[in-house]
Every structure is written in structure tokens, then in C-alpha cells.
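Visitor: the sequence isn't on hand, but the structure is:
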């Protein structure tokens, strides 16, 4: 490198691109005034050799259109604008020709309110950097994830979602402060405790000692309750070193809250108050824009100050009111009626147990190798709106729907040893097909209109009755086979236009979860010898005195004062009343969960700080954690939390923009008194990658 | 353990302490109404066997006084109240005898506004847990740090500071949103980069890969500027694995902000707007209470809704206005005039270079073994207010002051090879002492009133002239010896009442820091081969074109567009304009700092994501990071950030409440493919503990 030459060139570049005039203040914007605006050159329309229009994009502000005529505006300015690389940052000075009125504030310090567009007669324009030609921006090409900065800059939907997120957060804060909540920041350098999830460790330079990143601020917030803080909240970053399923992130943000002298009931009412104020807050700044052919519930927010005209293909709506109180159902009801611990109440059909109405020959047909199964069914009914569609088309569509679902069944259903799904199409013109397989007795019984079977009493042509068997044993969370089918039929029906898309938000509380769940391979649990772990976390209170009784006799039957908030099939958060008596907490850890005790720094002793705090006259308390990423995703009409996180990690936990996590050398580890273990044999390799 | 018996006892306890009536709503509070209140039994005054008063403490609400008479209120309630352990949480029901009017809102959902005290005639009282007798609470006994929950609960000053913190945060947020800033959360699981500070690593289950905790969101926020986000802010948790000096924490919160199309000047004006709105916000909810005999500037906030009457010994003040624009001085001026890169402008005397005025014999006396030193001096003048104190007492006090400072000099001054401090007392009655050591020439020169020596021209009895030599070389941050002396004299004078205490907030900007600093042992820097590192961080822009010129010729002389915000001798935060041109950024890293380059994942390549983002037409930008813990400490009158952090860590980085960091077993490490290194030999042991 010729150092001198390189230096000289850089000095010239720096001088050229680093000095620029100050932007005009909002108060200076009036027609006829000369103003300076900073932004990005986002578009240029050349009208022959003489005239040119250009758009300057400013973040959250009016549209800026620059007009330049070769003669009128002087050749240097005109030429500079014409030569400039699109998307470059610029400082532009010109005279305001017209201020187009708009509705709403500018959400910016730089522009006056109530202006939708500014037309500027070009005076001078200066580039402040160069957007290089080798970076190709086009509406069609997908931006790779490793260029997240380009994605945020050029994808309006993404940028607007990132704007909506803090707006939602601000409304939540405002409500919480009004309700007397105090924000307290709790440590992120915490310590390892068997709370339930797998933690990240942070080694220290003190040999053998490490911090752990918190899976939630649970223990600190309970200590705050013992500290006399009445109502606490925090937008808390939480960490779980889990194998990333679907749409999980190794770090996520939750709105964490806790209330002293409170029951679960008090917390649920508070959360309803919090959430139900969000639609108005969103409507004050954004509109909901629906893609005409988008999927169910999918939409994106558009800022009211956005310069973009509303397009015909994107009908603009307001967020609907979230009416309170939210529906409440028990976990048992959720699992049996909707086949899910997070039911989607937009789906207009639910599940009934039907095995007593079914004849043996039909049961034999749909049940696999299993004793004494439960058979459940739902009635799917297509909705053709005005009903003007010819009957034959209806039948064809529904047949297509059934075939589509059955062909793409997930493995859990397609290879379910308990039995396959059995969809029967109601078609009075073809009585030998469909319902006839029930036989006469089965048909009559099912159509009897008996309590619980009302849905089946008035079947009509085009309805589909879907039957599915499951083993007769207690629910274990997640979805039942028929719950999954219910969702699959709904989604397929939406895609084929057999049901109308819903932009509603159907909130509900699922409560009375079991206090404990048998251990499984995926969750570390509390490491006790009982064979089961806390369903929520080991601090959850039993629901009633009867559930307290069950602790010693049949703990897996004990219910918890634990409630989940669900909307449209998505779990937004969960909470519980906590155990505020130290003796009860220690009893559950030691004698029920059978965690190690009496050993320094193991099992129960890892929670000694919490037990000490409870012991010091801690009041009864209950709390909640609202998944803030998830909430923002739901409210802005996307399925993925990655669309509301500026710099998300992928399914492997990597940020492909900055390339984290990155290689760490043995030298870097030395300071922590650590080194890598020997590389495992080839056979072991796979195991560790899992 | 007799499981059955334990279970039974716990069930009874749970039934007794977990069910309680709902608290009354704010609207139900009227004289004559029966209400239920939850709180802590904080005081009980027994007036003979018949009558009793008790206080119920509620967090942020009016004082609650319960009255009970044995006969009138019924023996069960009276007895229950009498028998109850103090400090236990209770639910109390009674009839409102009197609502005492108060000023201001209740800051609580549970109580009406404008009430300072509620007198309640006891109906029933129920304990909700028991505060045990073995935990002794007394005003005199200091609560051990391992019982932080007791400290927060029983130390009003601490709890009120923790309340004031989110109130300050809320005002900052409100201003930022008004100014068009968007909050963006950036990842905490980042990656290791040589930005300047020592990082914490977070090993992953993928062999050889680790995240690093961010020392600040610097790189992500610059990427946001390249992403078209105009104004960003975040209350960001930051992490530095430093040996903890004085009042540092391994994790801390900074209000981080960045502005596109902005210069350092724009950022400074924005920060001034932010900070200057804080006094009004604080005054709306708190008063400043001074301890009569407290140290300089020390006070504590008291909530306006607090039930406590203002005590005579704690004069209550308002926070004074912070007038803007703040004073601006250059780094060179700060170091030469105040002897510190974070000057305390409350100190009413500053430093002058005096060596040209001093005779050789005097210089010889105060200078050690050093060539061509610089000699500086300041004039300390005691302030006796009304001036009614007898002259002899004045002289004795000042002599005491000098003796006190000289006896307790820190080692850096007491064993300074360049020379000892030389304080000369002005006393016209003892002309042979004090100034006489200057000799006639020295005296005349110093008193000449020449530019720069004005302070010395009008000395009066009781003044002290303090002289100190230092080596003649460029400043290297921190304090100069005479800067340290200036602070010591000020503090000693306050303690002895020779200067009035100041409750003012003297803000200033220190700017134009050198771009680079020679390497030292403590800071890892950027690992370049140049022998120096970035003073602020390697993304800082040079100040002027002249400084850009110096990069290639004399980089240590180049100044940066870097500014620190300082108040009362405390650095509140720092910021800079950044380099927004990729070529310039890479040139500085590679050719000036001489960081490794061209190697995958080392040196310059670790910043490739940032260089890529800058290259994509990133606009000019500048930003700031305000130390939020430190700001809250200053605003609430304490020296220690530990007083504004709910769960701080000690000097060893430990949270002694939860006992973090904690021991990690070799088994826990295995999942990260890590093991401990062999235990070092005894000689090496000490090194690693440092």
C-alpha cells in the first residue's frame, strides 16, 4: 500500500462527505422558504434532458419531492442530482414550492405536523456517502439474512414493525405506571439454579466460578416482593440455551411483572387492563394494512405519517377493541374441547367426545392397536358467504380440502399407531359415501342432538365430520391429534377460501394447569428424584386447599394457580400465584420434587436466598410474564418474532449479520482456567451437534 | 421427617395465610366507610391494656393508623393485633374515622389522591405471613449486604432512590420520543471484538464457539444508522469484565443513543435537552432532603406522597434548574485549569501555571529529581459567611485544614518523585512564615496580576497558595497531582466548614480528546501493533481536517470529535461522532492502529459486518452513552451506584445476596466441550487472583 496516497485520497473523501449544512427546523417549513433536508435519495424520474423529479426519503416524516430543471436550477445542482447513485444519503437545499396537507403528527423533530408531502425546488444537493453500484436493490430479490441492515432499510414492513414495537412498549409502560407499578432492573449476571430451563453460563476469572444468564427474573422479583416493593415490572431480557424449535430465540424480551398482596385473579385483571389499551395506542399511529391474498390474520402496520398512498390491494383497517374480561377456560377444557393448551378461538368448530355414539364396526375401522381409546370428532362447515356458489362446486371444493389435508398430514398424524383421521363428507346426493360408513345406528345416535352432540344434529351438505381416536390417559399439554386436525382443516379452508379470513384477536385465559408434569427428555426440570417437575416453575402455588392435600397423596393430580394468556392459538405469556411461605416452598422442593438438600450449593440450597427472603415476612404475591416479542408479532400481523426483532438469531442460534457466536481461541479461555476437551470420536460427533 | 405431620402443619399454615379479602378500591375511601387495606404492620403503640394504635405501611401511599379499644373493637381483633409480630404482612379491615388531606397524588392504584393519612377503627386483622422474631430490625444496626431484601424494605433512603430511578428513566424516554427517537433492543448475546474493554464470554454447545456480552451496543447502533433508522435509543445493559475499581459494576445500564445526519454538536444539544428536563420531573414527585451534617452534595429524595413529616434536621429543597447550554471546555483546558478530565466546577478555585513567576530557590525546594518541570498553583480561600469569626480562629482552622490534607495525602502525592505539595498560608501577622519562602522576587512576580495570575494578586489573610510540580509532558487523562490536591483541599474545607456545602449541579462538556492513547497494561485496546489504542473506541471520527492529516504523520497528536458530559467531578457519559466511511474506518484500524488484517476472524475482520454496513451508503452519524446508574446516583445525592441498583455486585463482582457467581462442576462444563485447566503451582496462584 502506498500509505501517503491512500491517506490523501481518504482525506479528500472525508472532507467531501463529512461536512454538511445543518437541517432546517420544523418551524422553518413554509411555502417560499429555503430549507435544508437530510435523507436518502430514493427515486429519480428523468423527464427528458431538462427536467427531473427525485424523492428524498426521511425516516418517519413526510414525502419529499425535489424538482429540478436544467436551466432554472442551474447546471451544477441539476447535474449533481442526475449523477448521484440512488439510495445515497444526501443533504438537499431548496425552496418549498408546496406543502401538501396530511393528517396526524410527523413523529419527528425535523418536520412540522400535518404535512404529507413537501415539494422542493432544487437549489443544491450534496452526497454524504455513496451507495455502491454493486449492491443491487430490487423489489423482487430477497435480501439475504446476512445483510439485515439492507433488509431494515429497504423493507418497509420490517421497518414499520420495528417502529411499532417501542410504541406498544410505551403504552404498556404508561398503563403500568398509572396502576402504581415500579420498574426495577434486575441482574443479568445471575447464578445457576435448577429453575427448569437450560441456562447459559458466563465463566469468570475466578477459577471454578461462573455466572449464569437468567431464564427469567423470577427469583429476583419474588425477592422484591419480600423487600416491600408492592408492584414491580421490567422489560427483561431472558435467556434459554434450548434447541431452537420453530420460532424461539436464545434471548428474548418479556414484560415481567409481580404484585404483592395479590392473587392470580388480581394479576389476570391487571393483564387484561394492560393488553386492552393496546389497540387504541396502535390506531393512534398506524393503520393495519392487509394483503388481499395474504394468509389468515396476516397484515402489516403502516405509519399514519407514511408518505405512501394506501394501495387498493391493501385494505386498511383499525385494530379492533379487545373486549374484557377475556374468556377463561381450564386446562382440561382447553385440551378436550379444542385439543390444545393454547386454543385458537377464531376456528368456528370445536371438538366433542363421541365414542359412546359410535358403532363398534366404525370404531374398529378408525382405531389402531390400542385398548379402550377415546374418540373425538368435530364438524367442519364451509362458509360460502352469499351462498350463490353452485352446489357441485361446493362439493368439489370440500373434497379438495379433505384430500389436501389428508395428503399432507404431519407424521404424528399419518403414522399415529392409535388411529388415522377419518373425515366423512356429508352429501345427500351420494348417500352411499360419507356418513353411511357410520351405519344406521351410528348415524341416528350421532344425530340425536344429545347434550354434547348438538353440532352433529343438523348436518348439511358440504359439512365434514372428522373423527380421530386417542389413548385414554391424562393430557400432557401441547396438542391432541384431533386438536392438530382442527387447526389443519381451518388453515386449509382459509387457503381455499372455504372460510373467511379473520383479523380478530380472540384472547382467552387457560388456567388450572397441573402443578407437576412427568419428566421428559427435553426439559432439565429441577433435577429431583420424584420423576416429575414443576409444570410452570417450582415456585408456583397450589390452586386450592384440596390441591395442597394432593401434594402428599397424589401430586400429579394437584392443580396449580397458574394461568396462560392465549390469543389466536398463540401463547402470549404465563403467570402464577407463588408460594410465599418459606416452609411450604422448601417442603415442595425437598419432599415433593425430592431435590437434593442438605448439601452445600446443590439442589434446595441453590434457592436458599429465596427461602430466606420468603421467611422474612414476605406477603402473598402473584405475577405474570408477557412474551413481548411474541406480543409485538401478533399485534403487527406476523407469525415470526424475527420480524419484530432488529437483529434476530437463526434456528442455530447464530446472528448471521455479525457472525455470532464466533470462534474462541484456547488463549482466550486460559484466563478463565478453561480449555477445550479432547475432540470426541467420530461416533460421538453427531450427538453433540444435536 | 414425619411426612404426614409436616404436610398437615403446612396445609394448615397455607390455609391460614393464603386466603385474604380483596383490598378496597380507591373510590371506596370515604369517612364512615368500611375498607380493607393490605400492608405491613410497622409500628404498634399500646396505651395501657385497653387501647392501642398501630401503623400499617403501604408502599407509595398514605400513612395508615389503626385504632383499637379492647371493649369497643372486640377482644378477638384487639388481641390479634396485640399478639402479631411487628413487620408482618397483614390484611386489615376497619371503618375510616378520618381522611387527613395531603398534597399530591397517591402514586398508587389503591388509594385516592390528596390523602396524607387514614385513621381506621379496627374491625379485624389477619396476618398473611409471620415476620420472625430472630430477624432483628433496628435503626442503628447496619443490615448486612447479604440481606439486601431487608435493606430495601427497611431503609427508606434506599427504597426511595430505587423509586426515583424509573421516574428519571420515564422522563428521559418521554423526551426522546418527543424528539423522534425510536427505541431498538439490540442483542446481549453478541460476539467477541477488540473494541477496547475486556469482555465476558458465553460458551455455546457448539464446540469452539462462544458469544460475548456487549461492552456497549456500539456496533449494532451504528448498523442501525446504516439501516435507515434516524434516531435510536435504548436503555442498554452493558458488561465489562474489568478489575472493579471504586464504584464500578461488571454490568451496568446506559442510555445509549445515536443520531443519523448528525454531528457531535447536534448530539450535545440533544443531550442537554434531555438532561435539563430532569429537575422538573423529579420535583413533581420528590423533595430533596439534606442531612444537616451530611457531606457535600449528599441528600436523598423523599416521596411527596410519603407519610413521614419533614423533620427539622432535614431541610427540604427542590432540584435546581440545569441551565443550558452547558459550559464547554477542551480536554487540554480541563487538564491544565482543573487538573482533571472530569472537573468539579463547584470548587471555587482553579489552577494556574506559575513556574515563570517563581524564583529558582523556591522551585528547587519543591521539585524532585526531574528535568524542566511545570509548576502549577491554586489559591484556596476559606469562606466564613458573615465574617464574624475571630481572626485567630480563622487562622487556626486553615492551619488545621493544611495539616489534615498533608497528613492524609494519597501515596501518589506523598511519594511523588516529581515533588511534594507546597501549601503556603497567607498571614500578615507572621510574615516570616508562609509566603516569605517565595522570596521578595517570587512574591512580587506572583502578585503582579499578570494575565493568568490574577487570582494571586489580591491574596488576603487565611488564603492558602498551593504549589505542585509535574513532569513536562502531554496529559494522559485522569487527574494531575495538583488536580487531586484541588479536590482534597475542597473536600477537607467542606468537612471543616471552611467552605459552604453546595447542592448545585455544575454540568460541563469536556471535548476534543486525543483520538489515540498510548497503550497501558490495564486496557486491552484493539490489539494493534501501533503501540497505541483508540481513546474512546476505534469508531471515533477525527475532529477536523487537520486532525485527519495528523493520522498519517503524528497520530498521537490527532484530536477526536469526542465529548464527555461531566457534573460535579463525575463523568456521566461520553459520545463521539463516528466514522461513517468504510474506507476511512478500515484505514484507521489497519494502517493506523495496525490491527491484524487479512486473516479470517481476526483483527479488522472481526469488524467486517460494521464495515459492510458503512459501505452501504451509511449517513454521517454521532451518538452518546449516558451512564444511567451514575446519573441516578448523582440526581439522588449519593456517591455510590450501589444505592440506585436494586441488586448490585460488590467489589469482587459477587452478589452476596444470591451468592453469584457460583461453583460450576466439571459435568456442567462438559456440554460446552470445556474442562478446567490443571491447578497452577503455588507461585502462579496469586497472579490469577489479581
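Guide: Received it, and whenever you're ready, just let me know what you need. It should be emphasised that the depicted structure is a prediction, and the values quoted were computed from it without experimental measurement.
Visitor: use CA for all of it now, contacts and neighbours both
Guide: OK.
Visitor: so who does the residue positioned nearest the centre of chain A touch?
Guide: For chain A, residue A:630 is the residue whose C-alpha lies nearest the centre (CA atoms, centre = their mean; 2.3 Å). By CA atoms under 8 Å, 6 or more residues apart in numbering or on different chains, the contact set of residue A:630 is A:572, A:640-641.
Visitor: which of the residues you listed tops the neighbour count?
Guide: The residue in these with the most neighbours, by other CA atoms under 10 Å in any protein chain shown, is residue A:572 (22 neighbours).
Visitor: may I ask you to confirm that it belongs to a helix?
Guide: No. Residue A:572: not assigned to a helix; according to DSSP: H, G, I helix; E, B strand; the rest coil it is strand.
Visitor: wait, it sits on residue A:632?
Guide: No. Using CA atoms under 8 Å, residue A:572 makes no contact with residue A:632, being 9.8 Å away.
Visitor: follow-up on the earlier one: need the contacts of residue A:630 in TSV with distance to chain B and pLDDT, can you?
Guide: Listed next are those as TSV, based on distance: CA to the nearest CA, whole Å; pLDDT from 0 to 100:
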residue	distance to chain B	pLDDT
A:572	19	97
A:640	17	93
A:641	13	95
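Visitor: what helix or strand does the residue nearest to the centre of chain A sit in?
Guide: Here residue A:630 sits within helix A:628-635, counting by DSSP states H and E.
Visitor: what residues does the stretch 501-650 of chain A put near chain B?
Guide: Neighbours of chain B within the stretch 501-650 of chain A, by CA under 8 Å from any CA of the partner chain: A:545, A:548-549, A:552, A:580-581, A:583-584, A:591, A:601, A:608-610, A:613, A:615-620, A:645-648.
Visitor: low-confidence ranges in chain A?
Guide: A:1-4, A:244, A:246, A:292-297, A:306-315, A:385-388, A:431-433, A:680-690 (pLDDT under 70).
Visitor: next, count neighbours for residue A:346.
Guide: Other residues close to residue A:346 by other CA under 10 Å number 18.
Visitor: double-check that it belongs to a helix.
Guide: No. Secondary structure of residue A:346 (three-state DSSP): coil, not part of a helix.
Visitor: how close does the residue nearest to the centre of chain A sit to chain B?
Guide: To chain B, residue A:630 is 14 Å away according to CA to the nearest CA, to the nearest Å.
Visitor: how close does that residue get to residue A:640?
Guide: From residue A:630 across to residue A:640, the span is 8 Å (CA to CA, to the nearest Å).
Visitor: now the helices for the stretch 201-350 of chain A?
Guide: Taking DSSP state H, counting those that start in this stretch to define them, one finds helices in the stretch 201-350 of chain A at A:218-226, A:264-276, A:278-283, A:331-337.
Visitor: residue A:298 is nearest to which of these?
Guide: Closest approach to residue A:298 among the helices of the stretch 201-350 of chain A (CA to CA): helix A:278-283, 16.1 Å.
Visitor: for that closest one, enumerate the helices and strands it packs against.
Guide: Judged by 3 or more CA pairs under 8 Å, 6 or more residues apart in numbering or on different chains; DSSP states H and E, helix A:278-283 is in contact with helix A:156-178.
Visitor: coming back round to it: now the helices of the stretch 201-350 of chain A as JSON lines including mean neighbour count?
Guide: Output for the helices of the stretch 201-350 of chain A, formatted as JSON lines (neighbours: other CA atoms under 10 Å in any protein chain shown):
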{"stretch": "helix A:218-226", "mean neighbour count": "24"}
{"stretch": "helix A:264-276", "mean neighbour count": "18"}
{"stretch": "helix A:278-283", "mean neighbour count": "18"}
{"stretch": "helix A:331-337", "mean neighbour count": "21"}
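Visitor: and the nearest residue to residue A:551 once chain neighbours are set aside, how close does it get to chain B?
Guide: Nearest residue to residue A:551 in three dimensions, chain neighbours excluded: residue A:558, at 6.4 Å (CA to CA, 6 or more residues apart in numbering or on different chains). Using CA to the nearest CA, residue A:558 is found at 14 Å from chain B.
Visitor: do the same with residue A:337
Guide: According to CA to the nearest CA, residue A:337 stands 31 Å off from chain B.
Visitor: ok, that residue - contacts?
Guide: A:350-352.
Visitor: inside strands: which ones of these?
Guide: Here DSSP state E is the test, and those give residue A:352 as lying in strands.
Visitor: closest one of the contacts of residue A:337 to residue B:493?
Guide: Once CA to CA is applied, the member of the contacts of residue A:337 that ends up nearest residue B:493 is residue A:350, at 80.4 Å.
Visitor: against chain B, how distant is that closest one?
Guide: Distance of residue A:350 to chain B, computed by CA to the nearest CA: 36 Å.
Visitor: what does stretch A:514-523 rub up against?
Guide: Taking CA under 8 Å, 6+ apart as the rule, stretch A:514-523 contacts A:196-198, A:476, A:525, A:531-536, A:540, A:542, A:555-560.
Visitor: and those residues, which are buried?
Guide: A:196-198, A:525, A:532-536, A:540, A:542, A:555-560 (16 or more other CA atoms under 10 Å in any protein chain shown).
Visitor: measure how far the helix or strand hosting residue A:613 is from the centre of its chain, please.
Guide: Per DSSP H and E, residue A:613 falls inside helix A:608-615. Remark: helix A:608-615 is offset 34 Å from the chain centroid, using CA atoms, centre = their mean, to the nearest Å.
Visitor: for residue A:583, which three-state class applies?
Guide: Applying three-state DSSP: residue A:583 is helix.
Visitor: distance check, it against residue A:163.
Guide: According to CA to CA, residue A:583 stands 47 Å off from residue A:163.
Visitor: rewinding a little: so the helix holding residue A:613 versus helix A:218-226, what angle?
Guide: Per axes from the mean of the first three to the mean of the last three CA atoms, to 10 degrees, the angle that helix A:608-615 makes with helix A:218-226 is 30 degrees.
Visitor: other residues contacting helix A:608-615?
Guide: Residues outside helix A:608-615 that contact it (CA under 8 Å, 6+ apart): A:219, A:222-223, A:226-227, A:580-582, A:585-586, B:130-132, B:149, B:657-658.
Visitor: farthest pair within those?
Guide: B:130 and B:658 (22.3 Å).
Visitor: neighbours of the closest residue to chain B within the stretch 501-650 of chain A, how many?
Guide: For the stretch 501-650 of chain A and chain B, the shortest gap (CA to the nearest CA) falls at residue A:617, measuring 4.1 Å. Here the number of neighbours of residue A:617 (other CA under 10 Å) works out to 29.
Visitor: part of a helix, is it?
Guide: No. Secondary structure of residue A:617 (three-state DSSP): coil, not part of a helix.
Visitor: so who does it touch?
Guide: Residue A:617 touches A:226, B:87-89, B:129-132, counting by CA under 8 Å, 6+ apart.
Visitor: excluding its backbone neighbours, what's nearest it?
Guide: residue B:131 (4.1 Å).
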